[in-house]
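> Next come a sequence and a model predicted from it.
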Amino acid sequence: MVSIKAVANGSLADRHGIQACDILQSINGHPIRDVLDYRFYLTDTKVDLKLQRADSSFSVTLEKDEYQDIGLEFETPLMDQKHSCANKCVFCFVDQLPCGMRRALYFKDDDDRLSFLHGNYVTLTNLHDSDIDRLITMRLSPINVSVHTTNPELRVKMMKNKRAGEVLAYLDRLADAGITLCTQIVLCKGLNDGEELQRSMRDLVKLYPSLSSCAIVPVGLTKHRQGLYPLELFSREEAKAVIEQVNAFGEECLKKYGTRLFYCADELYLRAELPLPDEDYYEGYPQIENGVGMLTSLGAEFEYELENLSEWPTLYRPPRRISVVTGAAAYPRIAQLCQKLEAAVEGLEITVYRIVNHFFGESVTVAGLLTAGDVIDQLKGKTLGEELLFPAVMLRADGEVFLDDMTPDALSKALGGIPLRAVSNDGTELLKALLGIE
């Protein structure tokens, strides 16, 4: 049962007398617990809603198109609270946050509904047989799973949850039901690498064709790890060895199944100081949101548009002098692309700044974990030109603020009032921003 927060004026629900504060109990006899139940059972073209108002129950029958919204609004998008993580993973990034940040950043979600709706990864330790039955009944696909290892005992050790090993059986149940599985392995040196990684890849490939892909992502370590499990970053040679291991297995999969299935994150290539693979390697970028092929995709889009620059609207007016900030990982590629654009466009001057992450530690190199404070410390007093571009991933979706709670307006003022522009990880959008095109 869920409480209705509001009813849209003129909607089907409004026209049938449903009101705010009514309790939605069921749809066509099915109890409603959350957004998944609501959306799934509402797809019928004739729905019988059982509701409660004060101490009285009543029913409303609606005839509608299959996916037509009936106009009900609820307190939260999930219609209840997010499910929090029951694990204590030895590599958890949240445990490595410094004290004093806003409360929302310390919440660890592990919610299968967010996996389906927003692409979040889940560990399955919050789920039970009835939850898996529901996922299968509703045909919710894909499901994104943080596997980390297929060794049950090692998974318990890494996640510090006694159910972590036994729930691996859910992968087989989901695969047998035809649910697509998008997986990831957070790779920790000395724990789930080497032979354990080989075992995990061998076990996961048995789930094909339900297994759509697996990202191998190196553990991220901040400088705030006092009292936590001792972990180390992969060295240059160790990162290279991981890439060779994963690619060798991927090549076997490519020959056998026509897809490589297993991909290393960009961060491993950067750490190994190896060139990133080309577009064909990534087979449509199934793991781009996991940092797999992100820089390759950005560069390919950018260079395509650069080659066709003559077809763009003539909105650029030289001269234009601007600055760009990015993380240490992406800096070489961003700087290279900006140099190519400068050479192609007369009167355009771009300065790219590599921002070192002092807030979390210099080993954290991705742009999405940069803070406004580090940008200020490293750019204050510099001549930045007429506009400063920054990666949109630096902003948090829960309030359009940076990780250290500073707003873009506050950052602009701290840097002398320079206009700011957030740029998404898209080559076309980056080129447009560099040229000043809205």
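Done, it's in. Quick caveat, the model's predicted, so the values are computed rather than measured.
> switch to C-alpha atoms for all contacts and neighbour counts from now on
Fine.
> who touches stretch 272-279?
Stretch 272-279 has contacts (Cα atoms under 8 Å, 6 or more residues apart in numbering) with 235-240, 266, 269-270, 293, 296-297, 300.
> so what secondary structure elements neighbour the longest helix anywhere in the chain?
In terms of residue count, the longest helix belonging to the chain (DSSP state H) is helix 236-257. For helix 236-257, the elements it packs on are strand 262-264, helix 266-272, judged by 3 or more Cα pairs under 8 Å, 6 or more residues apart in numbering; DSSP states H and E.
> mean confidence score for that helix?
Per-residue pLDDT over helix 236-257 has a mean of 98.
> Please confirm that residue 390 is located within a strand.
Yes: the assignment for residue 390 by DSSP: H, G, I helix; E, B strand; the rest coil puts it in a strand.
> residues touching it, list them.
If you count contacts by Cα under 8 Å, 6+ apart, then residue 390 has 324-326, 420-423 around it.
> can you do 6 Å?
The neighbourhood of residue 390, defined by Cα atoms under 6 Å, 6 or more residues apart in numbering, consists of 324-325, 422.
> that older thread, pipe the helices and strands packed on helix 236-257 into JSON lines and attach mean pLDDT and mean neighbour count per row.
JSON lines is the format used below for those (pLDDT from 0 to 100; neighbours: other Cα atoms under 10 Å):
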{"stretch": "strand 262-264", "mean pLDDT": "98", "mean neighbour count": "25"}
{"stretch": "helix 266-272", "mean pLDDT": "96", "mean neighbour count": "21"}
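> In CSV: these, plus distance to residue 177.
Converted to CSV, the helices and strands packed on helix 236-257 look like this (distance: least, Cα to Cα, whole Å):
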stretch, distance to residue 177
strand 262-264, 22
helix 266-272, 32
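> all helices of the stretch 201-350 of the chain, in order?
236-257, 266-272, 294-307, 331-344 (DSSP state H, counting those that start in this stretch).
> Out of these, which gets nearest to residue 59?
Ranking the helices of the stretch 201-350 of the chain by distance to residue 59, with Cα to Cα as the measure, places helix 294-307 first at 50.3 Å.
> how close does the residue most central in space within the chain get to residue 395?
In the chain, the C-alpha nearest the mean C-alpha coordinate belongs to residue 289, at 5.1 Å (Cα atoms, centre = their mean). Counting by Cα to Cα, to the nearest Å, the gap from residue 289 to residue 395 is 16 Å.
> and the worst-scoring helix or strand of the chain on mean pLDDT, which residues are buried?
Using mean pLDDT, DSSP states H and E, the weakest-scoring helix or strand in the chain turns out to be helix 112-118, at a mean of 79. Taking 16 or more other Cα atoms under 10 Å as the basis for neighbour counts, the residues of helix 112-118 that come out buried are 112-116.
> Find the residue ranges of the stretch 251-400 of the chain scoring beneath the pLDDT cut-off.
When residues are selected by pLDDT under 70, those of the stretch 251-400 of the chain lie in 313-316, 397-399.
> rewinding a little: out of the helices of the stretch 201-350 of the chain, which is the most enclosed?
Ranked by mean neighbour count, these are led by helix 266-272 with a mean of 21 (mean count of other Cα atoms under 10 Å).
> then that helix to PDB, C-alphas only?
Below are the C-alpha coordinates for helix 266-272, written out as PDB (Å, rounded to 0.1, in the frame of the first residue of the first chain):
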ATOM      1  CA  ASP A 266      39.800   3.200 -19.500                       C
ATOM      2  CA  GLU A 267      41.500   3.800 -16.200                       C
ATOM      3  CA  LEU A 268      43.400   0.600 -16.500                       C
ATOM      4  CA  TYR A 269      44.800   1.600 -19.900                       C
ATOM      5  CA  LEU A 270      45.800   5.000 -18.600                       C
ATOM      6  CA  ARG A 271      47.500   3.400 -15.600                       C
ATOM      7  CA  ALA A 272      49.300   1.000 -17.900                       C
END
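> wait, what's in contact with residue 387?
Contacts here follow Cα under 6 Å, 6+ apart; on that basis residue 387 touches 322, 418-420.
> rewinding a little: reformat the contacts of residue 390 as CSV; add neighbour count and distance to residue 190.
As requested, the contacts of residue 390 are exported to CSV (neighbours: other Cα atoms under 10 Å; distance: Cα to Cα, whole Å):
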residue, neighbour count, distance to residue 190
324, 23, 38
325, 22, 34
422, 17, 38
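> Let me know the closest of those residues to residue 377.
Out of the contacts of residue 390, the one with the shortest distance to residue 377 is residue 325. That distance is 12.6 Å, counting by Cα to Cα.
> Next one: that closest one from residue 213, what distance?
Residue 325 sits 32 Å away from residue 213, going by Cα to Cα.
> Please name whichever of the helices and strands packed on helix 236-257 is nearest to residue 378.
It is, among the helices and strands packed on helix 236-257 and with distance given as Cα to Cα, helix 266-272, at 22.9 Å.
> who touches the closest residue to residue 339 other than its chain neighbours in this structure?
Leaving aside its sequence neighbours, residue 339 sits nearest to residue 350 (Cα to Cα, 6 or more residues apart in numbering; 7.7 Å). Contacts for residue 350 were tallied using Cα under 6 Å, 6+ apart; they are 321-323.
> what about 8 Å?
321-324, 338-339, 342, 434.
> swap in residue 62?
12, 46-49.
> what about 7 Å?
Under the criterion of Cα atoms under 7 Å, 6 or more residues apart in numbering, the neighbours of residue 62 are 46-48.
> ChimeraX command to pick out the buried ones of the residues you listed?
The following ChimeraX selection, which keeps only the buried ones among the contacts of residue 62, applies the criterion 16+ other Cα under 10 Å:
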select :47,48
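> The contacts of residue 62 in strands, which ones?
Among those, the residues falling in strands (DSSP state E) are 46-48.
> Return the member of those nearest to residue 155.
residue 47 (43.7 Å).
> So the closest one versus residue 23, what's the distance?
Shown here: residue 47 relative to residue 23, a distance of 16 Å by Cα to Cα.
> What's the local residue count around residue 129?
Using other Cα atoms under 10 Å, residue 129 is surrounded by 11 other residues.
> hmm, I was thinking of residue 58
Other residues lying near residue 58 total 9 when counted by other Cα under 10 Å.
> Could you check how far stretch 124-141 is from the centre of its chain?
Using Cα atoms, centre = their mean, to the nearest Å, the distance from the centre of stretch 124-141 to the centre of the chain it belongs to is 21 Å.
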